[in-house]
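Engineer: fold the stuff below for me.
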Amino acid sequence: VAFVVCRSLEGLKTFSYLEELILDNNLLGNDLLLPRLPHLHTLTLNKNQISFQRNTCKILLDHLAEVVPSLQYLSLLGNIACPNELVCKEKDEDDYQRYRYFVLHKLTNLKFLDTRKVTTREREEALIRGAFMKVVKPK
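Structural biologist: Numbers count the residues shown, from 1 in each chain. Model (predicted):
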């Protein structure tokens with residue numbers, strides 16, 4: 001397990017056998033670039049600055065799918081991208097579920113997203129409609 005508090009992740013490339021990485025509270029945004037970490041199965045990016053603005057979260061999720069192919073557990077709690085009614089009163093459980101479908105559509109190997117296990121029904125729904133579930137509401 002590595003605990004990193006920084007804005008640059010350049011040094012991670014020397015840890016190619018890393019399995020768990022906690023990057024909570026680091027002001028990381030959608031421009032996050034990880035080196036290829038083929039053995040990484042757990043990644044937490046809680047309380048950073050990841051959002052769904054201008055398709056950038058899609059790019060981040062595509063990047064994660066490419067560089068961390070073994071990822072099974074991802075947590076994005078506390079980011080704007082993760083709609084949570086406890087943090088933002090305009091969000092509800094439907095917003096959160098659409099977010100889950102979208103993430104699961106991009107990261108098909110996930111077993112857990114945030115604090116919840118991925119269900120078979122969610123996985124099926126993500127395959128069918130996940131690409132269209134990006135949470136965007138007009139202001």
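Engineer: C-alpha from now on. contacts and neighbour counts both.
Structural biologist: Will do.
Engineer: what sits against Ser75?
Structural biologist: Leu43, Thr44, Leu45, Asn46, Leu113, Asp114, Thr115 (C-alpha atoms under 8 Å, 6 or more residues apart in numbering).
Engineer: pick the one among those closest to Pro69.
Structural biologist: Taking C-alpha to C-alpha as the measure, Leu43 is the one of those closest to Pro69, at 11.8 Å.
Engineer: how many neighbours does that closest one have?
Structural biologist: Counted with other C-alpha atoms under 10 Å, residues neighbouring Leu43 total 21.
Engineer: identify the residues contacting it.
Structural biologist: Glu20, Leu21, Ile22, Leu23, Leu71, Tyr73, Leu74, Ser75.
Engineer: quick check: nearest residue in space to Asp31, chain neighbours excluded?
Structural biologist: Nearest non-adjacent residue to Asp31, counting by C-alpha to C-alpha, 6 or more residues apart in numbering: Leu60, 7.0 Å away.
Engineer: touching, the one you found and Asn30? I think so.
Structural biologist: Yes: checked against C-alpha atoms under 8 Å, the pair Leu60 and Asn30 is within contact range at 5.8 Å.
Engineer: the contacts of Ser75, buried ones only, as a ChimeraX selection?
Structural biologist: To isolate the buried members of the contacts of Ser75 in ChimeraX, using 16 or more other C-alpha atoms under 10 Å:
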select :43,44,45,46,113,114
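Engineer: could I get the contacts of Ser75 as a markdown table with distance to Asn55, pLDDT and secondary structure?
Structural biologist: Converted to a markdown table, those look like this (distance: C-alpha to C-alpha, whole Å; pLDDT from 0 to 100; DSSP: H, G, I helix; E, B strand; the rest coil):
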| residue | distance to Asn55 | pLDDT | secondary structure |
| --- | --- | --- | --- |
| Leu43 | 21 | 98 | strand |
| Thr44 | 21 | 97 | strand |
| Leu45 | 18 | 95 | coil |
| Asn46 | 20 | 95 | coil |
| Leu113 | 20 | 97 | strand |
| Asp114 | 21 | 95 | coil |
| Thr115 | 24 | 91 | coil |
